[in-house]
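Visitor: Predicted model and sequence follow; I will ask about them next.
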Amino acid sequence: MKILDKIVSRLGNDKVLHFLCGALIIAQFEAFPLWWMLAAFAVLLGVSWLKERYADTSFDWLDIAAAMAGGFCEFLLCVLRHVIF
């Protein structure tokens, strides 16, 4: 838990939540063909941009980058799961 607390305190709650939500959006497409997951990155980018533009008080590209990084990590995990199993 100490490591997780250090990560959250260094990055901030907002970046960690963006990362996790990006991973969750991409994970929804795991049962579909691989190219659907790649297309989901466009959805993730659009949703992240709209959220930053209209729901937040200040626009932050690092929040969008955190969401895309979370999606990319989930994509890599899904590809590894398909290759290994």
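Guide: Right, received. Where do you want to start?

Visitor: tell me the secondary structure for the residue nearest the centre of the chain?
Guide: By CA atoms, centre = their mean, the chain has its centre lying nearest to Gly22, at 2.0 Å. Of the three states, Gly22 takes helix under DSSP: H, G, I helix; E, B strand; the rest coil.

Visitor: Next, Gln28: phi, psi?
Guide: phi -70, psi -20 (degrees, to the nearest 10).

Visitor: Could you find the closest non-adjacent residue to it?
Guide: Spatial nearest neighbour of Gln28, chain neighbours left out: Ala40 (7.4 Å); criterion: CB to CB, 6 or more residues apart in numbering. C-beta: built from backbone N, CA, C; applies to glycine.

Visitor: just checking, the residue nearest to the centre of the chain touches Ser48?
Guide: Yes. Using CB atoms under 8 Å, Gly22 is in contact with Ser48, at 7.2 Å.

Visitor: Mind listing the shared neighbours of these two?
Guide: Listed contacts common to Gly22 and Ser48 are Ala67, Met68; contacts here mean CB atoms under 8 Å, 6 or more residues apart in numbering.
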